[in-house]
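okay, here's the prediction I keep looking at, along with the sequence it came from:
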Amino acid sequence: MVLSLLMLNLYAQTSGSTSASVQTTFDGRQRNPANMASTYVPLDSWVYSDIDRLAALGYVQTDFAGQRPWTRMECARLVTEAGERAAGEADAEAGSLYRSLTKEFALELRREDGAPNVGFQIESIYSQVLGISGRPLVDGYHFAQTVYNDFGRPFGEGTNSYSGTALRAVAGPAAFYFRGEYQQSGTVAALSPAAQSAIAKADFTPAASAGPASNVSRFRTIEAYVSLAFKNNQLSFGQQALWWGPASGDAMLFSDNAESIPMLRYDRVSPFKLPGFLGALGPMRVQFFIGRLSGQQFVQTGSGAIAGQGGVSLADQPYIHGMKWTLKPTPNLELGFSRTVIFGGPGFPVTWGSFWRSIFSTQSGNFNATDPGDRRAAFDFSYRLPGIRDWATLYCDSFADDEAFPPAYPTHSAWSPGIYLPKLPYLHKIDFRAEGAVTPSRLFPGFFYFNVHYLDGYTNGREIMGSWVGRQGSGYQLSSTYWHSGRSTVQLGYRSLWVDHSFLEGGWLRDVSAKTNLALSSDFSLQAGVQYERWQFPLLAAAPVSNITTSVQLSYTPRWSAH
């Protein structure tokens, strides 16, 4: 389906039925913003929450919340849209968000008007110290995580630190991005023999797979890629992060919980409409990627034997590809359809035939010459509710293992509903968000994110690539943010998770948190937070355990750039 849409997209461009921007003039020269490459806004940027709030308030209607990241040029387009809709209105909250975003994307807004797309910039220089007092949870694939959706950064009890920099450059149709950091993490308690035995049994492996990296001192690339743009399409190659889902704290199929994957990605970075009567589907975006996983330790080969060794990554790591199609039939309704497949690895060489089979085959089963791979599908939607459009947005993410379309198998799929209130009555500077997640019982405990062929399941770098709720958990998150400005916020949060007793004897966690993001000046910002957590997983601790996490990060974002 997505590949067919890619072809229709290219046809629409050549036939003139496209939403690409027309050429503009600047200092006597013609330039088309549709052919200007730009780097993606990092998934942990404050920009997304600002645009989300503008969209919920009704000032942005062509954003695609379920398909991120967005390029800087696309964000500039959304800022322009917000400015046009806000003209003549005196909404103080929208005005504050709009001013913050226009400052952030000042260069891109000039390029939208025809300025040359040439420049180099230090995006940020930052240093974070994260202290954990008490034993944390670090393995979200088998138990849970104290820190999650953090690009797979290692952490442990004691002091953890991360210091890094991000650089970006553009030159016409080409763009370059690099973000790397030096990481030091605290200690992680060793698993007991009973816990290791239970993990091996749950994963069908001869020994327990080693969990996420700990006690490390290393330099690591967070993201690094080059991009080429043409007619609002962009090809990117390198290590990249994705977020496929409308929620703020949870993405069922693809999140930034694990480290980024080296991939080749095609992205329709700005929405387009299909030609003819198909245009009634509304603006849409499509995306496809293929990459290679890391950290997988065990696979079951075609002969039924299990290859691998606990704590040692396979020499022949499997590949993964994914597709997503998102459309907006109306300005208030967004629908998303996505799919990923893991294929290749020991005993299953990657060829053109196996690649095409993993995309198009509808066969089931494993371990034979026509094995299509480990397939997962997701469906999500978001909807601004009638009558209270500017007050409430309802959304839901769903995910299924080995099923083509989650809504067709509601009792076999995992669900993550949520609601966002961008402002409260009489308290317009305060928002509220509630999100939940549930994984129903399936064929055996821990079915979700697992596969009998790829025994380390849906992980990269030994961390789950999907939701923090894990393989057999249910939970919810509540948060409320006070918006002093677009870049200065204070947020209170609560999270609860419980895991069914059938999977690794179950367990639970509860945590409360407070965090702030403060713009100290145009160049400096401070992020700080504190979290109190209480948990009990019988295989890890016989009695409830508490920990306190504190975090302070100072970021420098110079406004200087070479162009």
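Alright, I've got the coordinates. Numbers count the residues shown, from 1 in each chain.

what segments of the chain are helices?
Per DSSP state H, the chain carries helices over the ranges 2-15, 47-56, 72-86, 92-104, 106-112, 193-203, 352-360.

does anything pack onto the second one? Which helices or strands?
Same thing as helix 47-56. For helix 47-56, the helices and strands in contact under the criterion 3 or more Cβ pairs under 8 Å, 6 or more residues apart in numbering; DSSP states H and E are helix 72-86, helix 92-104. The way it works is simple: take the backbone N, C-alpha and C, and place the C-beta from them, glycine included.

the nearest residue to G457 once chain neighbours are set aside: how many residues sit nearby?
For G457, the nearest residue in space outside its immediate sequence neighbours is F450; the separation is 4.4 Å by Cβ to Cβ, 6 or more residues apart in numbering. Other residues within reach of F450 by the criterion other Cβ atoms under 10 Å amount to 24.

I'd assumed G466 was in contact with F450.
No - the pair F450 and G466 does not pass the contact test of Cβ atoms under 8 Å, sitting 11.4 Å apart.

which residues are in contact with each of these two?
With contacts taken as Cβ atoms under 8 Å, 6 or more residues apart in numbering, the residues that reach both F450 and G466 are Y458.

list the contacts for the residue nearest to G457?
By Cβ under 8 Å, 6+ apart, F450 lies in contact with D203, D401, G457, Y458, R471.

give the contact list for the first one.
So the one you mean is D203. D203 is in contact with S209, F298, F450, L455, D456, G457, counting by Cβ under 8 Å, 6+ apart.

change it to 6 Å
Applying Cβ atoms under 6 Å, 6 or more residues apart in numbering, one finds that D203 lies in contact with L455.

how close does it get to Q309?
According to Cβ to Cβ, to the nearest Å, D203 and Q309 sit 14 Å apart.

do the same with the third one
For G457, the distance to Q309 (Cβ to Cβ) stands at 17 Å.

which of those two has more neighbours?
Ranked by neighbour count (other Cβ under 10 Å), G457 and Q309 place G457 first, with 24 against 15.

distance of Y494 from Y532?
With the distance defined as Cβ to Cβ, Y494 ends up 10 Å from Y532.

for S413, that is, sorry about that
For S413, the distance to Y532 equals 33 Å [Cβ to Cβ].

same check on R220?
In this view, R220 and Y532 are 29 Å apart by Cβ to Cβ.

neighbour count for those two, which is higher?
Under the neighbour definition other Cβ under 10 Å, R220 and Y532 were set side by side, and R220 has more, 20 against 14.

buried residues in the lengthiest strand in the chain?
Ranked by residue count and defined by DSSP state E, the top strand of the chain is strand 118-133. Residues of strand 118-133 classed as buried under the neighbour-count rule (16 or more other Cβ atoms under 10 Å) are Q121, I122, E123, S124, Y126, S127, Q128, L130, G131, I132.

show me the contact partners of it.
Under Cβ under 6 Å, 6+ apart, the answer for strand 118-133 is 157, 159-163, 165-171, 547-558, 561-563.

partner strands of that strand and their direction?
In the sheet containing strand 118-133, its partner strands are strand 158-171 (antiparallel), strand 545-556 (antiparallel), strand 561-562 (antiparallel), by DSSP bridges.

strands of the stretch 201-350 of the chain, residue ranges please.
Taking DSSP state E, counting those that start in this stretch as the criterion, the stretch 201-350 of the chain contains strands spanning 217-230, 233-240, 261-268, 284-292, 298-300, 306-308, 319-330, 333-343.

which strands and helices lie in contact with the longest one?
Counting by 3 or more Cβ pairs under 6 Å, 6 or more residues apart in numbering; DSSP states H and E, the packing neighbours recorded for strand 217-230 are strand 174-184, strand 233-240.

residues making contact with that strand?
Here strand 217-230 makes contact (Cβ under 6 Å, 6+ apart) with 35, 37, 151, 173-180, 182-184, 234-241, 260.

next, the angle strand 261-268 makes with it.
Relative orientation of strand 217-230 and strand 261-268, computed by axes from the mean of the first three to the mean of the last three Cα atoms, to 10 degrees: 20 degrees.

now strand 217-230: how far from the chain's centre is it?
Taking the mean C-alpha point of strand 217-230 and that of its whole chain, the gap between them comes to 16 Å (Cα atoms, centre = their mean, to the nearest Å).

likewise the third one?
Between the mean C-alpha location of strand 261-268 and the chain-wide mean there is a distance of 13 Å, by Cα atoms, centre = their mean.

for it, buried residues please.
Within strand 261-268, the residues that count as buried by 16+ other Cβ under 10 Å are I261, M263, R265, Y266, D267, R268.

compute the number of surrounding residues for the closest residue in space to the third one that isn't next to it in sequence.
This means R265. Closest residue in space to R265, ignoring its immediate chain neighbours: F289 at 4.0 Å, by Cβ to Cβ, 6+ apart. A count of neighbours around F289, defined by other Cβ under 10 Å, yields 20.

quick one: F289 and G322 touch, right?
Yes - under the criterion of Cβ atoms under 6 Å, F289 lies in contact with G322, with a separation of 5.5 Å.

ok, back up a step: single out the most deeply packed of the helices and strands packed on helix 47-56.
For the helices and strands packed on helix 47-56, the stretch with the most neighbours on average is helix 72-86, a mean of 22; neighbours defined as mean count of other Cβ atoms under 10 Å.

and the angle for it with strand 174-184?
For helix 72-86 and strand 174-184, the angle between their directions (the same axes, to 10 degrees) works out to 100 degrees.

run the chain-centre distance for stretch 253-267.
When distances are taken as Cα atoms, centre = their mean, stretch 253-267 is centred 8 Å away from the chain's centroid.

hmm, I was thinking of stretch 492-504
Centroid separation between stretch 492-504 and its chain, computed with Cα atoms, centre = their mean, is 21 Å.

contact partners of it?
The contact list for stretch 492-504 (Cβ under 6 Å, 6+ apart) reads 144, 198, 202, 445-446, 472-480, 506-514, 539.

so of these, which ones are in strands?
Residues from those lying in strands, with DSSP E as the criterion: 144, 473-480, 507-514.

PyMOL command to pick out the buried ones of those residues?
Written as a PyMOL command, the selection of buried residues from the ones in strands among the contacts of stretch 492-504, which uses 16+ other Cβ under 10 Å, is:
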select buried, resi 144+473+474+475+476+477+478+479+480+507+508+509+510+511+513
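
burial of R534, as a residue count?
Other residues within reach of R534 by the criterion other Cβ under 10 Å amount to 14.

now do it, the pLDDT please.
According to the prediction, R534 has pLDDT 98.

for it, what are its contacts?
Applying Cβ under 6 Å, 6+ apart, the residues near R534 are R510, P544, S546.

10 Å instead?
If a contact means Cβ atoms under 10 Å, 6 or more residues apart in numbering, then R534 has G134, W508, L509, R510, D511, V512, P544, V545, S546, N547 as its contacts.

again with W46
S100, L101, E104, G486, R487, S488, T489, N517, A519, S525, Q527.

ditto for S236
By Cβ under 10 Å, 6+ apart, the contact set of S236 is 37, 39-40, 71, 175, 177, 225-229, 263-267, 269, 289.
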